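Peer 1: coords please:
(one chain, ligands or ions: 1)
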Amino acid sequence: MSDYKKMWADLGLNLQAHDALLSVLGKAYQDIYLAQKNRPAGMGYFDFVMSEVHGLRIKELLDEKAAGRKVIGSYCVFVPEEIALAGNATLVGLCSGADFATEEVEKLLPRNTCSLIKSSFGFKLGKVCPYLECSDMIVGENTCDGKKKAYETLKTLVPNLYVMDLPQVKSAEGRALLKAEYFRFKAAVENLTGVRIDADKLRKSIAIVNNKRKAIHRLMSLRKADPAPISGLDALLANQVFFYDNPARFTESVNKICDELETRIERKEGVFPKKTPRILISGCPMAVPNWKLPWIIETSGAVIVGEESCVGERGTRNLTADSGSTANELTEAIVDRYFKIDCAIFTPNPDRMNHIAEMAETYKADGVIHYGLQFCQPYLMEAIPVEKALESKNIPTLRIDSDYSMEDLGQLKTRVEAFVELLR
Ligand code: BJ8
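Peer 2: Model (predicted):
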């Protein structure tokens, strides 16, 4: 990636810190991803994407910008990609899966803030995220208390932060708030890009995003097979790349992997032997390069067959209806689709309970591991009723709280191994 030094310097990155980050990332990828056995050949595409995640993809975005397109960065799956695309902007997820510049971060945020929020600050303060630096607009959202208060401080660090309000209750008033906010976002995108978002543009962008979701649905559905044709680590990677890649190219690449997995299933080939204990992961999103827990699980004799997470099925579930004939009707359809997202910030949140049990059944999981980031009140609070509800259905459940450090690696491995042994 050395050819990109000038590009990174022009974006204002701290080259020394960025080199250090890339070298840690490269080593982790080597040890965790490339060390896996029996990977589908199609994962070569994602290996390439990851090797160029701060290189070629950033160059593509800068080329798009030079041609008049805008880039919008987002921290949450509530930011509707359809509206960004319809306004001639590309939506990208912003890195928040690794600790960085922790000392600097803790001058601005309390120590007991979740790793995800701290990471988003660390990437800004450490000047190591080219996605953040090339974004023309960064969207924060009022979801959990941690995020909404952190954005007040982030606003002093980034000049182009746009904060979207979000409902906390699935009521008519909640939907009205989401609708008002999506119309306000639509106007903000139009203002940013100078493009009027009409029905035609929305219909096209809905098709692009739906196709991306359909490809990922197809991939997830193939994981019902035993033996599992793809590892949970590789499926997680596809879900993570969902937020960065060019949408059409991503769709095509995932569909190609699905073709390959179908052949594997016919031949009864898998990444692990048949009857390997199957795990559903549920809880906080795992952003790149947060691969710790999946790696522990899949090196402890189990395979992950589904992710009830925003970097997973919670984020990609449900398509947007495309039958509306006006921009207003299509925007209403977008509101309907996103209002179904069952993030733990909602109260009460019965849909999520039902979805976890449903997913455990669909993917024939032998057990569920609930993943909560330390200090994440919404998911840690919800973990207890989730565990109770699953155990009442005789689905063994393990609750794990962790962060991005490697300090608890040994302890987590011991607990996961004991859980896998129980599933056997
Ligand atoms: S829709 S899950 S992406 S908000 S881990 S920052 S909740 S304290 S990430 Fe999320 Fe949108 Fe919801 Fe999904 Fe707060 Fe918890 Fe930290 Fe979290």
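Peer 1: okay, which residue is most central for this structure?
Peer 2: The residue lying closest to the centre of the chain (CA atoms, centre = their mean) is Val311, at 2.9 Å.
Peer 1: next one: phi and psi at the residue lying closest to that one once chain neighbours are set aside?
Peer 2: Taking CB to CB, 6 or more residues apart in numbering as the measure, Val311 lies nearest to Pro285, with 4.4 Å between them; neighbours along the chain are not counted. Quick note: C-beta positions are derived from backbone N, CA and C, even for glycine. Pro285 adopts backbone torsions of phi -70, psi 150, taken as degrees, to the nearest 10.
Peer 1: can you map out the helices along the stretch 301-424 of the chain?
Peer 2: In order along the chain, the stretch 301-424 of the chain carries the following helices (DSSP state H, counting those that start in this stretch): 313-316, 327-339, 350-362, 377-392, 409-423.
Peer 1: kindly reformat those as JSON lines containing distance to the ligand, mean neighbour count and mean pLDDT.
Peer 2: Written out in JSON lines, the entries for the helices of the stretch 301-424 of the chain read as follows (distance: least, CB to the nearest ligand atom, whole Å; neighbours: other CB atoms under 10 Å; pLDDT from 0 to 100):
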{"stretch": "helix 313-316", "distance to the ligand": "7", "mean neighbour count": "23", "mean pLDDT": "98"}
{"stretch": "helix 327-339", "distance to the ligand": "9", "mean neighbour count": "19", "mean pLDDT": "98"}
{"stretch": "helix 350-362", "distance to the ligand": "10", "mean neighbour count": "18", "mean pLDDT": "97"}
{"stretch": "helix 377-392", "distance to the ligand": "5", "mean neighbour count": "17", "mean pLDDT": "97"}
{"stretch": "helix 409-423", "distance to the ligand": "17", "mean neighbour count": "15", "mean pLDDT": "97"}
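Peer 1: how about those helices, which one is nearest Ala66?
Peer 2: Each of those has some distance to Ala66 by CB to CB; the shortest is helix 327-339, at 28.3 Å.
Peer 1: re the thing from before, okay, the helices of the stretch 301-424 of the chain in a markdown table with distance to Lys124 next?
Peer 2: Written out in a markdown table, the entries for these read as follows (distance: least, CB to CB, whole Å):
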| stretch | distance to Lys124 |
| --- | --- |
| helix 313-316 | 23 |
| helix 327-339 | 26 |
| helix 350-362 | 30 |
| helix 377-392 | 23 |
| helix 409-423 | 27 |
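Peer 1: can you tell which of those is closest to Ala150?
Peer 2: If we rank those by CB to CB, the stretch that ends up nearest is helix 377-392, at 13.8 Å.
Peer 1: tilt between that closest one and helix 350-362?
Peer 2: Relative orientation of helix 377-392 with respect to helix 350-362: 50 degrees, computed using axes from the mean of the first three to the mean of the last three CA atoms, to 10 degrees.
Peer 1: got the contact list for helix 377-392?
Peer 2: 144-146, 282-284, 343-345, 349, 352-353, 356-357, 360, 368, 370-374, 396-397, 399, 401 (CB atoms under 8 Å, 6 or more residues apart in numbering).
Peer 1: try 6 Å
Peer 2: Where contact means CB atoms under 6 Å, 6 or more residues apart in numbering, the residues beyond helix 377-392 that reach it are Cys144, Gly283, Cys284, Ala344, Ile345, Met353, Val368, His370, Gly372, Thr397, Arg399.
Peer 1: so, if you compare these, which one comes nearest to Ala28?
Peer 2: For the contacts of helix 377-392, the nearest to Ala28 is Cys284 (19.1 Å; CB to CB).
Peer 1: for that closest one, give me its contacts.
Peer 2: Under the criterion of CB under 6 Å, 6+ apart, the neighbours of Cys284 are Tyr371, Gly372, Leu373, Cys376, Tyr379.
Peer 1: once you drop chain neighbours, what's closest to the fourth one?
Peer 2: In this case it means Cys376. Taking CB to CB, 6+ apart, and ignoring the residues beside it in sequence, Cys376 has Cys114 as its nearest neighbour in space, at 4.5 Å.
Peer 1: and the gap between that neighbour and Gly93?
Peer 2: Taking CB to CB, to the nearest Å as the measure, Cys114 and Gly93 are separated by 17 Å.
Peer 1: do the same with Leu13
Peer 2: When CB to CB is the yardstick, Leu13 and Gly93 sit 18 Å from each other.
Peer 1: isn't Asn88 right up against Val195?
Peer 2: Yes: counting by CB atoms under 6 Å, a contact exists between Asn88 and Val195, whose distance comes to 4.5 Å.
Peer 1: which of these two has more neighbours?
Peer 2: Between Asn88 and Val195, counted using other CB atoms under 10 Å, the more crowded position is Asn88 (20 against 17).
Peer 1: mind checking pLDDT for that one?
Peer 2: For Asn88, the pLDDT comes out at 98.
Peer 1: next up, the contacts around it.
Peer 2: Asn88 sits next to Arg69, Thr193, Val195 when contact means CB under 6 Å, 6+ apart.
Peer 1: tabulate these (TSV), appending secondary structure and pLDDT.
Peer 2: What follows is the contacts of Asn88, written out as TSV (DSSP: H, G, I helix; E, B strand; the rest coil; pLDDT from 0 to 100):
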residue	secondary structure	pLDDT
Arg69	coil	98
Thr193	helix	98
Val195	coil	98
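Peer 1: from those, pick the one nearest Leu236.
Peer 2: The nearest member of those to Leu236, counting by CB to CB, is Arg69 at 28.7 Å.
Peer 1: residue contacts, Thr90?
Peer 2: Thr90 sits next to Val71 when contact means CB under 6 Å, 6+ apart.
Peer 1: quick one, phi psi at it?
Peer 2: Backbone torsions of Thr90, given as degrees, to the nearest 10, read phi -100, psi 130.
Peer 1: what segments of the stretch 1-150 of the chain are helices?
Peer 2: 5-10, 15-29, 43-51, 56-66, 81-86, 102-105, 115-125, 130-134, 145-154.
Peer 1: just name the most buried of those helices.
Peer 2: Ranked by mean neighbour count under mean count of other CB atoms under 10 Å, the helices of the stretch 1-150 of the chain are led by helix 81-86, which reaches a mean of 27.
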